[in-house]
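Trainee: Next come a sequence and a model predicted from it.
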Amino acid sequence: MDKHEGRDAGTIRLDDPWYDALAVGWGEGGGTGEAPGGSAGGAETSPPNSSPGGTPPRAASDIYLEVQRSAAFQEVRSRYRRFVVPATVAFFLWYVAYVIAATTAPGMMARPVFGSVNVALLAGLGQFLSTFLLTWAYARHARLRRDRAALDLRWTVFEQEQVRRADAGERTRARGAGR
């Protein structure tokens, strides 16, 4: 986590699309608007109900399904798969080759390379090195090819969710004023 300077250091913006509502109690209450501890905290703890006479508000699941079907989301998933599938196959084959060589060709693995360092030791250290290189490559790939697009999608969902909540709030106020 980055350290920030200034008076807002350490605060979470509630209008941030990376802010996880589930982590702060949304959906954990009994649907009565109470906070998880039982006290009314004023925060929304359950999704709004649809109004009886009007059109039902757009469900959050509809928003997520729409985003999932979007071309931008499919492109992010495609970029993810184009990296992860070949990298996983290559690493798995490299690991299996090491295990098979160690069990079927002990003479080759015991061959000294220099001093007391043999082929098996170099291959084993190569396993660790390849793990770190793969981790670095994955993080770099995500940063350069997916993170920006994923953040754009997150903002899209966040904005649609804000519109949905605003519409639900207007319906709730209209229903309360009609009594």
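Mentor: Yes, it's here. Since this is a predicted model, take the numbers as computed values, not measurements. Numbering: from 1, shown residues only.
Trainee: before we move on, what SS does residue 113 have?
Mentor: The assignment at residue 113 comes out as strand when based on DSSP: H, G, I helix; E, B strand; the rest coil.
Trainee: Make sure it is actually in contact with residue 123.
Mentor: No. Residue 113 is not in contact with residue 123 according to CB atoms under 8 Å; the separation is 10.3 Å. (C-beta placed from N, C-alpha, C; glycine too.)
Trainee: could you list every residue that touches the closest residue to residue 120 other than its chain neighbours?
Mentor: Nearest non-adjacent residue to residue 120, counting by CB to CB, 6 or more residues apart in numbering: residue 109, 3.8 Å away. Contact partners of residue 109, counting by CB atoms under 8 Å, 6 or more residues apart in numbering, are 101, 102, 118, 119, 120, 123.
Trainee: So which of residue 113 and residue 123 has more stuff around it?
Mentor: Neighbour tally, residue 113 and residue 123, criterion other CB atoms under 10 Å: the higher count belongs to residue 123, 15 against 11.
Trainee: ok, now how distant is residue 61 from residue 125?
Mentor: In this structure, residue 61 and residue 125 are 48 Å apart, going by CB to CB, to the nearest Å.
Trainee: Equivalent analysis for residue 134, please.
Mentor: 15 Å.
Trainee: Compare the two (neighbour count), which wins?
Mentor: residue 134 (15 against 11).
Trainee: what's the more buried one in contact with, if anything?
Mentor: Neighbours of residue 134 in contact, by CB under 8 Å, 6+ apart: 87, 91.
Trainee: Roughly how far does it sit from residue 83?
Mentor: Residue 134 sits 10 Å away from residue 83, taking CB to CB as the criterion.
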